[in-house]
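K.L.:
Predicted model and sequence below, questions to follow.
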Amino acid sequence: MDNEVDVFYQELPKVELHAHLNGSVSSQTIEKLISRKPHLNIEHGMTAIGKGQRRTLDECFQVFKVIHQLVDTEEDILMVAIDVIKEFAADGVKYLELRSTPREEKTTGLTKRSYIETVIKAIQQCRSEGVDIDVRFLVAIDRRNGPEVAMETVKLAEEFMLSSDGLVLGLDLSGDPTVGHGRDLLPALQRAKNCGLKLSLHLSEVPSQLEESELLLNLPPDRIGHGTFLHPEVGGSQSVVDKVVENKIPLELCLTSNVKGQTVPCYSKHHFKYWYQMGHPSVICTDDKGVFSTDLSQEYQLAASTFGLSREDVWKISQQAIDCIFAPDNVKQQLKQKWIDLQPQVFK
Ligand SMILES: CC(C)=CCNc1ncnc2c1ncn2[C@@H]1O[C@H](COP(=O)(O)O)[C@@H](O)[C@H]1O
Ligand SMILES: [Zn+2]
């Protein structure tokens, strides 16, 4: 981890809505994977970006390729998912929506279906062990793989939404934002929406994607990942902002990810400020806690120290994130009660 985190932020109950499974693998788990696969000659420095380091977006995406080499069997996915879930729980996360791109690996017999089944198994295992966290799964579409794969992924997600007892709730659109165009993925996303899958889309993560963002906002998505370049000051537009505001589409904001990936010049210039000041639902998230050497407590602390938030402000941010989850109302009610129960202990 990059910084010391105050105990308040660790004890603060939190909701994590934007976490890519393979980007969330901790250094301890990477060690275990490396020792399982010494022949790959992968060193630790290749899978994480440390304090003060920054990489181009392209270099960041290379990191995922390395991690994917290390995670290519059902056994690996099970271990990684269980470790990640337990780490979020240990960091005070009470509700987690994990997202991951189903992959097939001919050499190990991994299929997209068994990939999803394995993540579900990990969630169920943690639940049966009594880990204090409610975990749901968003199936991810990697935009690089084009419209056919996107449609295939939607069909799989639809199937699991119906058979997973509420664990699979929706879809994520992610992957290298400079590759492909959202226009081509519209039919798949439209189908997902029509069948009741919730949609979280990475939008305007890089500049000059206004046209794509406008198009995808017409769906509309249920949440937006990053939205870094949506507002007029950074090349977006007021009409796009208006659309997000009118539809009350929550933003998932990931400070360290954007600074280390260099889409935002420094913490104080992060667009959290723009949206938070407007009173728009803004959820603090990690994106890839392993790759960016962070955790959710640290992201809350960074937001607080950068933007001068009081403990009460921080509490409100974590509490209001409950309204942005994809799980149904009864789950929201349970979480709100949990927050009420924990409050005296956190502010002791
Ligand atoms: C490069 C950078 C600054 C990353 C942060 N921003 C991101 N933007 C878009 N897609 C992402 C990002 N981080 C992770 N992903 C997606 O998540 C995948 C890794 O997790 P998984 O294999 O789906 O379980 C990546 O291959 C990519 O498709
Ligand atoms: Zn992301």
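P.N.:
Nice, I can see it. Numbers count the residues shown, from 1 in each chain. Ligands and ions are numbered 1, 2, ... in the order given.

K.L.:
Report the closest residue of the stretch 51-200 of the chain relative to ligand 1.
P.N.:
For the stretch 51-200 of the chain and ligand 1, the shortest gap (C-beta to the nearest ligand atom) falls at Cys60, measuring 2.8 Å. Every residue, glycine included, has its C-beta placed from N, CA and C.

K.L.:
what about the residue nearest to that residue when sequence neighbours are not counted, how many neighbours?
P.N.:
Take Cys60 and drop its neighbours on the chain: the residue closest to it by C-beta to C-beta, 6 or more residues apart in numbering is Gly261, 5.2 Å away. The number of residues packed near Gly261 is 26, by other C-beta atoms under 10 Å.

K.L.:
Hmm, Gly261 is touching Asp58, no?
P.N.:
No. Between Gly261 and Asp58 there is no contact, the gap being 9.9 Å when judged by C-beta atoms under 8 Å.

K.L.:
ok, which stretches of the chain are helices?
P.N.:
Taking DSSP state H, the helices of the chain run over residues 7-11, 27-36, 57-70, 74-90, 112-128, 146-163, 186-194, 210-217, 238-246, 255-260, 272-277, 296-307, 311-320, 329-346.

K.L.:
can you pull the buried residues of the shortest one?
P.N.:
Judged by neighbour count (16 or more other C-beta atoms under 10 Å), helix 7-11 contains these buried residues: Phe8, Tyr9, Gln10.

K.L.:
and which of these is nearest to ligand 1?
P.N.:
Nearest to ligand 1 among the buried residues of helix 7-11, with distances taken as C-beta to the nearest ligand atom, is Tyr9, at 21.9 Å.

K.L.:
Can you give me every residue that contacts that closest one?
P.N.:
Gly92, Ser297, Gln298, Tyr300, Gln301, Ala304, Val314 (C-beta atoms under 8 Å, 6 or more residues apart in numbering).

K.L.:
Just give the nearest non-adjacent residue to it, would you?
P.N.:
Take Tyr9 and drop its neighbours on the chain: the residue closest to it by C-beta to C-beta, 6+ apart is Ser297, 4.0 Å away.

K.L.:
for Arg127, same thing?
P.N.:
Distance criterion C-beta to C-beta, 6+ apart; nearest residue to Arg127, sequence neighbours excluded, is Val135 at 7.6 Å.

K.L.:
which residues pair with that neighbour across the strands?
P.N.:
In this entry, Val135 is beta-bridged to Leu96, by DSSP bridges.

K.L.:
repeat for Leu253
P.N.:
Listed by DSSP bridges, the beta-bridge partners for Leu253 are Ile284.

K.L.:
shouldn't it be in contact with Pro281?
P.N.:
No. The criterion here is C-beta under 8 Å, and Leu253 misses it with Pro281 at 10.3 Å.

K.L.:
who's more crowded, these two?
P.N.:
Higher neighbour count among Leu253 and Pro281: Leu253, with 26 against 20, using other C-beta under 10 Å.

K.L.:
per-residue pLDDT, the more buried one?
P.N.:
The model reports Leu253 with a pLDDT of 99.

K.L.:
for the one 5 residues further on, same thing?
P.N.:
The predicted local distance difference test score for Asn258 is 97.

K.L.:
Tell me how many other residues surround Gly52.
P.N.:
Neighbour number of Gly52 under other C-beta under 10 Å is 7.

K.L.:
need the contacts of Tyr9 in a markdown table with pLDDT, can you?
P.N.:
Output for these, formatted as a markdown table (pLDDT from 0 to 100):
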| residue | pLDDT |
| --- | --- |
| Gly92 | 98 |
| Ser297 | 98 |
| Gln298 | 98 |
| Tyr300 | 98 |
| Gln301 | 98 |
| Ala304 | 98 |
| Val314 | 98 |
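
K.L.:
Considering these, which is situated nearest to ligand 1?
P.N.:
Gln298 (16.3 Å).

K.L.:
Neighbours of that closest one, how many?
P.N.:
So Gln298, with other C-beta under 10 Å, has 24 neighbours.

K.L.:
Same question for the one 10 residues further on.
P.N.:
Gly308 is surrounded by 8 other residues when neighbours are defined as other C-beta under 10 Å.

K.L.:
Distance of it relative to ligand 1?
P.N.:
26 Å (C-beta to the nearest ligand atom, to the nearest Å).

K.L.:
dump the residue contacts of that residue.
P.N.:
With contacts defined as C-beta under 8 Å, 6+ apart, Gly308 has no neighbours.

K.L.:
Contacts only, for Glu87.
P.N.:
With C-beta under 8 Å, 6+ apart, Glu87 has these contacts: Ser24, Ser26, Lys289, Asp295.
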